[in-house]
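> here's my sequence, what's the structure:
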Amino acid sequence: PNASFDIVLVDSTDPIGPGVGLFSESFYKEVRRILKPDGIVAAQCESPWENGIDLAKIYKNLNAAYSNVYAYSGSIPTYPFGYWSWGFASDVQHPFNKIDLERAHAIEKASKYYNVDIHKSAFALPNFLRQKLHNVVKNA
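Below you'll find the predicted structure:
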C-alpha cells in the first residue's frame, strides 16, 4: 500500500547474511514508498563500536531515501558493546522540534526512563560518532 503509514519502526536483525538487505538503499526506498509524505522511519543502525560494520554506509543508505536523517544513540546493556545507534529519517519531520509536551509529560509520569530531556539528548552525539557520521547525518 503506497503512502499509507505514518511511521515505520525497523527493529531488524544485524546486517550480516540474509539481514544485509534490511540495511540497503533499496530497502529504505521501499519503506519510503509505503510512508505518507510526512512520514517517519526509525531504524536500528547497529553499535557504533562494532568495527566490522560500516556505520556510515547504513546512514548513507537512509540518506538515499530521505532528505532528513538524524542519528541517535543510547545504552542497551544487553546488546553487544552496550551502546547502540538508530536512525530517524523523514523528508519533513524533525526528531524533536514538534514534541507534544502535554503528551510527553503524561508519558514521563508512567516511565522510569523517558523524559523530554532524554529524548533530545539522544540526538547529541559523542565526538567519535560525529566523526564517523560527518556529512552523513544532520546532527553530526
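> show me where the chain has its helices.
Listed in chain order, the helices found in the chain under DSSP state H are 25-34, 55-65, 101-110, 116-121, 127-132.
> those: which one's closest to residue 79?
Put simply, out of the helices of the chain the one that sits nearest residue 79 is helix 55-65, at 14.6 Å, with distance taken as CB to CB. Glycine gets a C-beta too; all of them are placed from N, C-alpha and C.
> picking up where we left off before, dump the helices of the chain to JSON lines, plus mean pLDDT, mean neighbour count and distance to residue 77.
Output for these, formatted as JSON lines (pLDDT from 0 to 100; neighbours: other CB atoms under 10 Å; distance: least, CB to CB, whole Å):
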{"stretch": "helix 25-34", "mean pLDDT": "97", "mean neighbour count": "16", "distance to residue 77": "28"}
{"stretch": "helix 55-65", "mean pLDDT": "96", "mean neighbour count": "20", "distance to residue 77": "20"}
{"stretch": "helix 101-110", "mean pLDDT": "96", "mean neighbour count": "11", "distance to residue 77": "22"}
{"stretch": "helix 116-121", "mean pLDDT": "96", "mean neighbour count": "13", "distance to residue 77": "16"}
{"stretch": "helix 127-132", "mean pLDDT": "96", "mean neighbour count": "14", "distance to residue 77": "18"}
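> export those helices to a markdown table and tack on distance to residue 79?
Below are the helices of the chain laid out as a markdown table (distance: least, CB to CB, whole Å):
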| stretch | distance to residue 79 |
| --- | --- |
| helix 25-34 | 21 |
| helix 55-65 | 15 |
| helix 101-110 | 23 |
| helix 116-121 | 18 |
| helix 127-132 | 16 |
